[in-house]
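Participant: Provided below for reference: sequence and predicted model.
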Amino acid sequence: MTDHNFNDEVAADKNQTIDYRPAEPKGPEGFGPADLPPVLGHYVVGQELKHGGMGRIVRVWDEQFKRPLALKLVRERNARLEQRLVYEGRLTGCLQHPSIPPVHDQGRLPDGRPYFIMKLIQGGSLSDLLRRRASPTEELPRFLLIFEQLCAAAGYAHSQGVIHRDLKPGNVMVGAFGEVQLIDWGLAKLMPGAMAALEPVADEPGTMYGLKQTTVVAGLETTAGAALGTPAYMAPEQARGELESPDARADVFGLGAILCEVLTGSPAYRGRDVHAVADQARRADLTDAWERLANCGAAAGGAAATAVGSGVGGGSGAVGAGRECLGTVADAAGDRTPRAGRDPEPRSADRPGGDRR
């Protein structure tokens, strides 16, 4: 998992040999990080896999079922972030879909810090895979298949009344055997009436999430600050900090921005620095994206434009529309790879989240 908003990469490159046995002891505290106990119930704590600005991922060994798993916890003590981590674990555990990683357990460390145990994904992020391409046309059929599975996961979440709100390539893991996993649900929003037994975490401007520059073009991470999401893939109402406004269309915009990157090599917004990208997102200035999509092929570009435009303009049923566009994109790309059939996405009236799509 990636290293923003608990977005810690729970994976290694698929060409790398992975040893799931506990790491060699680093000191008298145990096998893994010194601040963690060597054993948590029937989990043997191993080495830390990744840490970011807000979260950490540690490999653990499940002695009961003899399997490697991943433990997720906050990087430092912070009551609000710990509350959101608990929420993320419970919410992710409620979402049962092949492209959403299962959560197996949840608890607290002896010092009171919360954690949850989830699937350890062998593979890499979609962000890493896209970055390794020589050009946007390289392996395009493969990336379209990945995108289709991502749309299916988002559509399922929406049918349950859940909006991810931070869709981007860094939050999409591609396993060593081609499986696609949509991760990091810590920013997810529940629509009215959805998952009544799960208490949502309130969004507080100025205390939760903001911007962090990592590269010149797209590199914005989710971290402590004021906005909510990742600007290069962010719907304008999110970028403006309108925390109550985003509905499922915010995810649709994110899907369109991801497809834009698949087709053109860059997401919807890009700029010289973090402030330029954030300003474009607030103003929904998609001029550059439209030009790049037009140049990559009318049919293919039109599919991404449909999704992005639906996210900005308020179109309905846009996740389903984005999936329907894939046939056009595939034809434009020369893709004849059969895609697994899926049932039509439920109509908006049948969704717990209401009719705004």
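Facilitator: On my side now, so go ahead. Residues are numbered from 1 along each chain as shown.
Participant: quick check: the closest residue to residue 167 other than its chain neighbours vs residue 138, distance?
Facilitator: Counting by C-beta to C-beta, 6 or more residues apart in numbering, residue 254 is the residue found nearest to residue 167 once chain neighbours are left out, at 3.1 Å. All C-beta spots, glycine's among them, are computed from the backbone N, C-alpha and C. Residue 254 sits 23 Å away from residue 138, taking C-beta to C-beta, to the nearest Å as the criterion.
Participant: of the two, who's got more company?
Facilitator: Between residue 254 and residue 138, counting by other C-beta atoms under 10 Å, residue 254 is the more crowded of the two (31 against 11).
Participant: tell me the contacts of the more buried one?
Facilitator: Contacts of residue 254 were listed using C-beta atoms under 8 Å, 6 or more residues apart in numbering, and they are 164, 166-168, 229, 233-235, 311.
Participant: what kind of secondary structure is the residue nearest to residue 167 in?
Facilitator: Residue 254 falls in the helix class when you classify it by DSSP: H, G, I helix; E, B strand; the rest coil.
Participant: coming back round to it: want to throw the contacts of residue 254 into TSV with secondary structure, pLDDT and neighbour count?
Facilitator: Putting the contacts of residue 254 into TSV (DSSP: H, G, I helix; E, B strand; the rest coil; pLDDT from 0 to 100; neighbours: other C-beta atoms under 10 Å) gives the following:
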residue	secondary structure	pLDDT	neighbour count
164	coil	93	27
166	coil	90	28
167	coil	94	29
168	coil	94	29
229	coil	73	28
233	helix	91	29
234	coil	88	35
235	coil	87	28
311	helix	50	28
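Participant: got those as TSV, with distance to residue 64 columns?
Facilitator: Written out in TSV, the entries for these read as follows (distance: C-beta to C-beta, whole Å):
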residue	distance to residue 64
164	31
166	33
167	34
168	35
229	38
233	39
234	41
235	43
311	43
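Participant: which one of these is nearest residue 38?
Facilitator: The shortest separation between residue 38 and any of those is 33.3 Å, and it belongs to residue 166 (by C-beta to C-beta).
Participant: touching, that closest one and residue 230? I think so.
Facilitator: Yes - proximity of residue 166 to residue 230 meets the contact threshold set by C-beta atoms under 8 Å, at 5.9 Å.
Participant: quick one: least confident helix or strand in the protein?
Facilitator: Evaluated with mean pLDDT, DSSP states H and E, the helix-and-strand set of the chain has its lowest mean pLDDT in strand 210-213, which scores a mean of 38.
Participant: residue 292 sits in which helix or strand?
Facilitator: With elements taken from DSSP states H and E, the one containing residue 292 is helix 287-295.
Participant: flag every buried residue along that helix.
Facilitator: For helix 287-295, a neighbour-count test (16 or more other C-beta atoms under 10 Å) marks 289-290, 292-293 as buried.
Participant: which two in those residues are spaced the farthest apart?
Facilitator: By the measure C-beta to C-beta, those have their two most distant members at 290 and 292, which lie 7.5 Å apart.
Participant: could I get the pLDDT score of residue 188?
Facilitator: pLDDT recorded at residue 188 is 89.
Participant: now do the contacts for it.
Facilitator: Residues near residue 188 by C-beta under 8 Å, 6+ apart: 88, 91, 157, 162-165.
Participant: let's go with 7 Å and repeat that
Facilitator: The contact partners of residue 188, by C-beta atoms under 7 Å, 6 or more residues apart in numbering, come to 91, 162-165.
Participant: next one: residue 279
Facilitator: With C-beta under 7 Å, 6+ apart, residue 279 has no contacts at all.
Participant: again, but for residue 92
Facilitator: Going by C-beta under 7 Å, 6+ apart, the list of residues near residue 92 reads 100, 103, 185.
Participant: hmm, residue 45 is touching residue 36, no?
Facilitator: Yes - proximity of residue 45 to residue 36 meets the contact threshold set by C-beta atoms under 7 Å, at 5.1 Å.
Participant: mind jotting down where the helices sit in the stretch 1-150 of the chain?
Facilitator: In the stretch 1-150 of the chain, the helices defined using DSSP state H, counting those that start in this stretch lie at 79-94, 126-132, 140-159.
Participant: distance of residue 267 from residue 122?
Facilitator: When distances are taken as C-beta to C-beta, residue 267 and residue 122 turn out to be 26 Å apart.
Participant: of those two, who's got more company?
Facilitator: Legend: neighbour count by other C-beta under 10 Å for residue 267 and residue 122, higher for residue 267 (27 against 19).
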